[in-house]
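Novice: Quick one, what's the 3D model for this:
(chains A and B)
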Amino acid sequence: MDKNQILLQVKTLVSANLLTKDELLKAYDEAQENKPRDVLNIKIGVAESLYYIGGLIVFIGIVVLVFQNWESLDTFMRIFVTLGSGIAAFVVGLLLGLNKDTDPVGYAFHLIAALILPLGIFISFDAAGIEPYSAGYMTIIFSILFFTYLASFFLLKKLIFIIFTIIFGSFLYFTLTNFILGSSPLVTDWSFNEYRVLVLGISYILLGYAFSKTDMKGFSGALYGFGVLGVLASTFALGGWSPKQNYMWEALFPGIALGSVFATFYFNSRAFILWGTLFLMIYILKITGEYFTDSLGWPLALVIAGLSLIGIGFMAFKLNEKLKPSQSPA
Amino acid sequence: MKNRINIPLVLALLIPVAMVLFITASIYLPVLFIKPSQNFLYSTGSNYSSDFYYEISQSHLQKINYPSPNNAYNRSSDQKLLFLHNVTENKSQPISFDEAQKLTLNPNPISSDGYEVTEGSGSYGLFPFSSSYSRGTHYLKNRSYSQKLNILSSGNYYGYAFLGWVE
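Specialist: Now for the predicted structure:
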């Protein structure tokens, strides 16, 4: 069937009021979204792995160089070696990205830049007589990094910048809230640390879901993985431990963990079933230790916990089999 | 249609922002609207290098001498000082023992309007949860309110001792 025939059929359907403009546009958009694009290749080969390992080794080398020679390096050299190297790596990454063949090597230089730039800014602040470890200045430092990478993404359209934007954005979220909270006793009274992680976990899952419908879907697996880990770890921690347990979160947790196991089908990611099953097992051990060791005794409690773990393991195994082989291993 | 809003993306960005706003509101709004009113008395200086300690007996301050020298070192260099903290202005003023003895004091850690003085809690934990070094900071707090106190022992972890609320 050629294009003209299809268009003719479309016109016929439209004339007969069987096809609306919205339906037609929706079909077009869906086809666009599903169109494979070679923008982000998430399969990292041996060569790419070596580039990134090389990048990490360069970073470690610079850190060791600076801290071994801290006393002998003057202020200018400390800044030059760290911040200067970071900026240089960033520029080299950009230049290598101009050529399609050298683009993967450019990613390694961006990795070096993202690792060294925070150190460089910290050392520059320290040299300026500013206490860089205070919550306020850490907020400024991570704001600089977050907005730099966000702007880089919008200006240069390189997807690698999204990774660093999310990482530095997450640090900014924690340092900013640390700055606001200070050492207030409400941090522990209101379990702010747990709730901060819970919020970030939900945000990661939503980001992963949003990206799964775009050309950034390569990031979804990792975002789902860290997101569900954050949600489960924080809600588990909110449950507390006897005698200071929170009954509401203890009661909600099995539902959240089971929800995570079944969410694996909706989000098309094995991260949910993996973390959900693991946390369900930890929860059973915790509840057994917390409530049943005194009443049932350790041996019987252990038998019940063991049988429950076998049951959960079997359920996870059967559910995992139902996942299509093409589904994300993340 | 191409430019329709990606709702999960918008939510993903808005939720952390909402959390930051909620934390800001929970820390700063109560300070604006809730006004604790009961002042308190505290002392500074270590028990180890002092030859007396303070105690509240029958709602009044007492100075109790140790029966034998508590320390062989020069004790007079670190004697206990008394301060009256005004919670409305968040300021401490030195007060003499004679003046302090005239006050009617409630030694209960929780004031009659439901507040207590606690140490700051931000010095524990690892990055990104850790905050700046805060040992020695003190807060006036209840279930929904916390305000950092400008008390004069800040930075001296062992120096501060709460004595009582001024009735």
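Novice: Which positions in whatever helix or strand residue A:275 lives in come out as buried?
Specialist: Per DSSP states H and E, residue A:275 falls inside helix A:271-287. Across helix A:271-287, burial judged by 16 or more other Cβ atoms under 10 Å in any protein chain shown covers A:271-284, A:286-287. In this view, the C-beta of every residue, glycine as well, is placed from N, C-alpha and C.
Novice: now do stretch A:61-70
Specialist: A:62, A:66.
Novice: Report pLDDT for the residue most central in space within chain A.
Specialist: The C-alpha lying nearest the average C-alpha coordinate of chain A belongs to residue A:223 (Cα atoms, centre = their mean; 3.7 Å). pLDDT recorded at residue A:223 is 95.
Novice: mind listing the strands for chain B?
Specialist: B:40-44, B:52-57, B:60-65, B:81-86, B:91-94, B:105-106, B:116-119, B:138-141, B:146-148, B:161-166 (DSSP state E).
Novice: so what does the last one touch, helix or strand wise?
Specialist: Looking back up the chat, that one is strand B:161-166. strand B:40-44, strand B:52-57, strand B:105-106 (3 or more Cβ pairs under 8 Å, 6 or more residues apart in numbering or on different chains; DSSP states H and E).
Novice: go on, the first one?
Specialist: For strand B:40-44, the contact count by 3+ Cβ pairs under 8 Å, 6+ apart identifies strand B:81-86, strand B:161-166 as packing neighbours.
Novice: can you tell me the helix or strand for the residue in the stretch 51-200 of chain A that chain B sits nearest to?
Specialist: Residue nearest to chain B within the stretch 51-200 of chain A: residue A:183 (2.9 Å; Cβ to the nearest Cβ). Using DSSP H and E, residue A:183 is not contained in any helix or strand.
Novice: would you say residue A:256 is within a helix?
Specialist: Yes: under DSSP: H, G, I helix; E, B strand; the rest coil, residue A:256 falls within a helix.
Novice: close to chain A, is the longest helix that chain B contains?
Specialist: Longest helix in chain B, counting residues (DSSP state H): helix B:7-33. Yes: contact of helix B:7-33 with chain A (Cβ under 8 Å from any Cβ of the partner chain) involves B:8-9, B:11-13, B:15-16, B:19-20, B:23-24, B:26-27.
Novice: filter these to the buried ones?
Specialist: By 16+ other Cβ under 10 Å, the residues of helix B:7-33 next to chain A give B:8-9, B:11-12, B:15-16, B:19-20, B:23, B:26-27 as buried.
Novice: so the residue nearest to the centre of chain A makes contact with residue A:202?
Specialist: No: counting by Cβ atoms under 8 Å, residue A:223 does not reach residue A:202; the two are 11.3 Å apart.
Novice: So which bits of the stretch 1-150 of chain A are right by chain B?
Specialist: Counting by Cβ under 8 Å from any Cβ, the stretch 1-150 of chain A sits next to chain B at A:22, A:25-26, A:28-29, A:32, A:131, A:133-135.
Novice: now the stretch 101-250 of chain A, which segments are flagged as low pLDDT?
Specialist: Within the stretch 101-250 of chain A, no stretch has pLDDT under 70.
Novice: which residues of it fall in helices?
Specialist: Taking DSSP state H, counting those that start in this stretch as the criterion, the stretch 101-250 of chain A carries its helices at A:103-127, A:135-156, A:160-181, A:186-189, A:192-211, A:220-238, A:247-267.
Novice: Residue A:125: how many residues sit nearby?
Specialist: For residue A:125, the neighbour count with other Cβ atoms under 10 Å in any protein chain shown is 18.
Novice: cool, and residue B:17?
Specialist: 12.
Novice: Residue A:297 is nearest to which of the strands of chain B?
Specialist: strand B:116-119 (39.6 Å; Cβ to Cβ).
Novice: and that closest one, what does it pack onto?
Specialist: Using 3+ Cβ pairs under 8 Å, 6+ apart, strand B:116-119 is in contact with strand B:138-141.
Novice: Quick check: mean pLDDT of the strand it packs on?
Specialist: 88.
Novice: right, quick check: that strand against chain A, any contact?
Specialist: Yes: for strand B:138-141, a contact with chain A is found by Cβ under 8 Å from any Cβ, at B:139, B:141.
Novice: that older thread, between the strands of chain B, which gets nearest to residue A:309?
Specialist: Across the strands of chain B, closest to residue A:309 is strand B:116-119 (Cβ to Cβ), at 40.8 Å.
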